[in-house]
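Chemist: Give me a 3D structure for the following:
(one chain, ligands or ions: 2)
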Amino acid sequence: MELQLSPALVDRLLQVVQQGGGANDEQTIARRLGVSSRTLQRWRQMGRFPLKLFVERFPELPWIQLVGEEVLSLLVPRTLLPGWRPTPEMPDLDAPIPPIRASHALTDTERRRLLEWMLWAREFDLAFIRLYRQGRAVGGVFAQIGNEAVSVGTAFALRPEDAIFPMHRDIGVHFVRGQELQALIATHLGRQGSLTRGTDGTVHYADPERRIYGNISHLGAMLPVAVGYALAARLKGEQTVVLTYIGDGGAQTGEFHEAVNFAAVQRLPVVFVIENNQYAYSTPNRSEYASTFLADRAPGYGCFGEVVDGTDVELVYDACRRAVERARRGEGPTLLETITFRTRGHAEHDDASYVPEPIRRYWSARDPVERYLTFIHERGILTSEQTAALRENIQLQLRTALEEVLQRPFPAPEEAFRNVFL
Ligand SMILES: Cc1ncc(C[n+]2csc(CCOP(=O)(O)OP(=O)(O)O)c2C)c(N)n1
Ligand SMILES: [Mg+2]
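Modeler: Numbering: from 1, shown residues only. Ligands and ions are numbered 1, 2, ... in the order given. Prediction:
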């Protein structure tokens with residue numbers, strides 16, 4: 001979206017960008033926008049203001065106050081990985097891998113925590129894939145490998161009192177919320193100490209103390225519940241923000257539309273993260289919907305939308321933090337679409353042989369955990385020896401906890417009838 005304004009107004013907006021964006025001269029502004037200083041001069045003279053580009057490159061500025069919510073909600077800023085194409089088109093395998101876009105809002109201590117949670121999520125999945133191969137995992141194993149930056153980066157943008165409704169592929173959320181390791185493992189293995197008393201093999205549990213709710217298996221059905229939670233919280237006078245997730249497949253259900261529409265009409269504080277990992281089972285994006293981006297629906301609902309590279313944890317965190325801030329200020333919901341890739345099959349029984357090799361290669365070079373490790377090492381936050389030790393420690397804790405939980409009995413058969421209303 002490009003605004004045609006008077007040169008004086010463009011001048012004023014550039015001044016605000018200069019002051020608020022920490023860009024103390026015009027050259028810095030031009031560099032961050034990726035244009036020459038001459039182009040910037042020309043825009044100034046002609047009264048041109050490419051708002052979308054400014055919002056994308058200076059996301060830290062209070063754009064809602066500057067241009068108004070109505071104008072802003074018409075934009076869907078995008079921060080995409082170079083070379084990505086909507087599946088099943090082939091990506092550009094020679095495209096560069098950009099460095100992590102460091103957030104202004106994170107300390108190095110917080111970065112270490114983000115890394116640690118991503119490693120926990122990765123190692124948890126790898127451990128369960130091994131258990132599945134050994135025939136010791138009950139039910140399906142839905143790995144989130146490749147999506148760790150999304151579950152960790154978004155969950156970390158909340159306050160502890162905010163509510164989260166995670167999906168089947170969001171194990172990182174549970175680590176960020178401090179869920180106990182043994183309890184998580186027992187839940188996945190259906191053993192004593194499970195959060196669902198052994199009646200379920202994945203993470204369909206509610207833990208009100210940690211404000212974790214869901215997940216409801218019927219795709220889309222969880223969204224109206226999350227929206228209802230936000231409405232109830234408002235009626236009770238609480239300042240709660242609700243974060244929920246939906247896949248690219250789940251976003252095609254009727255309940256998705258009802259939930260987002262109602263949240264937008266009521267200006268409810270909900271962040272809808274669309275985890276676009278390019279496939280729903282074996283169905284690629286292009287057979288699911290006809291638009292390029294799912295967040296492009298946002299202006300249709302009258303809410304804010306954004307598309308981000310979901311393999312950059314700091315970028316995801318920043319986008320979600322801004323969505324949470326908007327929600328808390330009463331500016332309504334956001335559709336935050338994160339572009340990632342489901343590196344495993346739908347579950348471990350599926351070898352995903354329908355995924356073309358170039359797509360697989362493109363994404364394996366952009367592994368979110370590896371990208372963040374490179375960033376952490378290059379910034380000197382931790383050395384590679386330290387991160388290797390951290391990983392080994394996580395693996396050891398996981399092995400110990402798994403051995404312990406695997407000794408526990410399965411639930412007594414009568415548990416199946418508890419809390420069941422006939
Ligand atoms: C309404 C409904 N239809 C079908 C299913 C079966 N199902 C479970 S997961 C899944 C694919 C989901 O794909 P997506 O929403 O993209 O999430 P992803 O698994 O890729 O993270 C399907 C079809 C279901 N649970 N609910
Ligand atoms: Mg999907």
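
Chemist: Assign the residue in the stretch 51-200 of the chain that ligand 2 sits nearest to to helix, strand or coil.
Modeler: Residue nearest to ligand 2 within the stretch 51-200 of the chain: residue 169 (8.1 Å; CB to the ion). No exception for glycine: its C-beta is placed from N, CA and C like everyone else's. On the three-state scheme (DSSP: H, G, I helix; E, B strand; the rest coil), residue 169 is labelled coil.

Chemist: Model confidence for residue 31, exactly?
Modeler: Residue 31 carries a pLDDT score of 91 in this model.

Chemist: what number of residues lie near it?
Modeler: With neighbours defined by other CB atoms under 10 Å, the count for residue 31 comes to 14.

Chemist: Identify the spatial nearest neighbour of the spatially most distant residue from the centre of the chain, chain neighbours not counted.
Modeler: In the chain, the residue that sits farthest from the middle, by CA atoms, centre = their mean, is residue 45; the gap is 39.9 Å. Spatial nearest neighbour of residue 45, excluding adjacent residues (CB to CB, 6 or more residues apart in numbering): residue 7 at 6.1 Å.

Chemist: got the contact list for residue 303?
Modeler: When contacts are counted by CB atoms under 8 Å, 6 or more residues apart in numbering, residue 303 touches 73, 260, 263, 264, 332, 333, 334, 335.

Chemist: now, which of the residues you listed sits nearest ligand 2?
Modeler: Among the contacts of residue 303, and counting by CB to the ion, the member closest to ligand 2 is residue 335, at 15.5 Å.

Chemist: Packing partners of the strand or helix carrying that closest one?
Modeler: Under the criterion of DSSP states H and E, residue 335 resides in strand 334-339. If you count contacts as 3 or more CB pairs under 8 Å, 6 or more residues apart in numbering; DSSP states H and E, strand 334-339 packs onto helix 148-155, strand 270-276, helix 298-301, strand 304-309, helix 313-328.

Chemist: Tell me the residues on this protein that lie near ligand 2, please.
Modeler: Where the chain comes near ligand 2, counting by CB under 5 Å from the ion, the residues are 247, 248, 277, 280.

Chemist: Please tell me how far the residue of the stretch 101-250 of the chain found nearest ligand 1 sits from residue 418.
Modeler: Ranking the residues of the stretch 101-250 of the chain by distance to ligand 1 (CB to the nearest ligand atom) places residue 247 first, at 2.2 Å. Using CB to CB, to the nearest Å, residue 247 is found at 31 Å from residue 418.

Chemist: of these two, who's got more company?
Modeler: For residue 247 versus residue 418, neighbours defined as other CB under 10 Å are more numerous around residue 247 (21 against 10).

Chemist: Count the residues that sit near the closest residue to that one other than its chain neighbours.
Modeler: Nearest residue to residue 247, sequence neighbours excluded (CB to CB, 6+ apart): residue 275, at 5.4 Å. When neighbours are counted by other CB under 10 Å, residue 275 registers 26.

Chemist: contacting residues around residue 275?
Modeler: So residue 275 contacts 147, 150, 167, 169, 170, 245, 246, 247, 248, 310, 338, 340 (CB under 8 Å, 6+ apart).

Chemist: any idea of the pLDDT on it?
Modeler: Per-residue pLDDT puts residue 275 at 98.

Chemist: So it versus residue 171, what's the distance?
Modeler: Taking CB to CB, one finds residue 275 at 13 Å from residue 171.

Chemist: Could you do residue 112 as well?
Modeler: Noted for residue 112: a distance of 19 Å to residue 171, by CB to CB.

Chemist: okay, those two: which has more neighbours?
Modeler: Neighbour count, other CB under 10 Å: between residue 112 and residue 171, residue 171 has more, with 28 against 16.

Chemist: tell me the contacts of that one?
Modeler: Residue 171 sits in contact with 121, 124, 125, 144, 151, 184, 203, where contact means CB under 8 Å, 6+ apart.

Chemist: circling back to that earlier point, now render the residues of the chain next to ligand 2 as TSV, adding secondary structure.
Modeler: Below are the residues of the chain next to ligand 2 laid out as TSV (three-state DSSP):
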residue	secondary structure
247	strand
248	coil
277	coil
280	strand
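
Chemist: Report the buried members of the residues you listed.
Modeler: 247, 248, 277, 280 (16 or more other CB atoms under 10 Å).

Chemist: Point me to the residue of the stretch 151-300 of the chain nearest ligand 2.
Modeler: residue 247 (3.8 Å).

Chemist: And that residue, what's its pLDDT?
Modeler: For residue 247, pLDDT reads 98.

Chemist: Please verify my assumption that it contacts residue 215.
Modeler: No: using CB atoms under 8 Å, residue 247 is not in contact with residue 215, being 11.3 Å away.

Chemist: Pull up the overlap in contacts between the two.
Modeler: By CB under 8 Å, 6+ apart, the residues touching both residue 247 and residue 215 are residue 167.

Chemist: Tell me which residue lies nearest the centroid of this structure.
Modeler: Note: the chain centre (CA atoms, centre = their mean) maps to residue 150, 3.0 Å.

Chemist: just the strands in the stretch 1-150 of the chain please.
Modeler: 3-4, 48-49, 78-79 (DSSP state E, counting those that start in this stretch).
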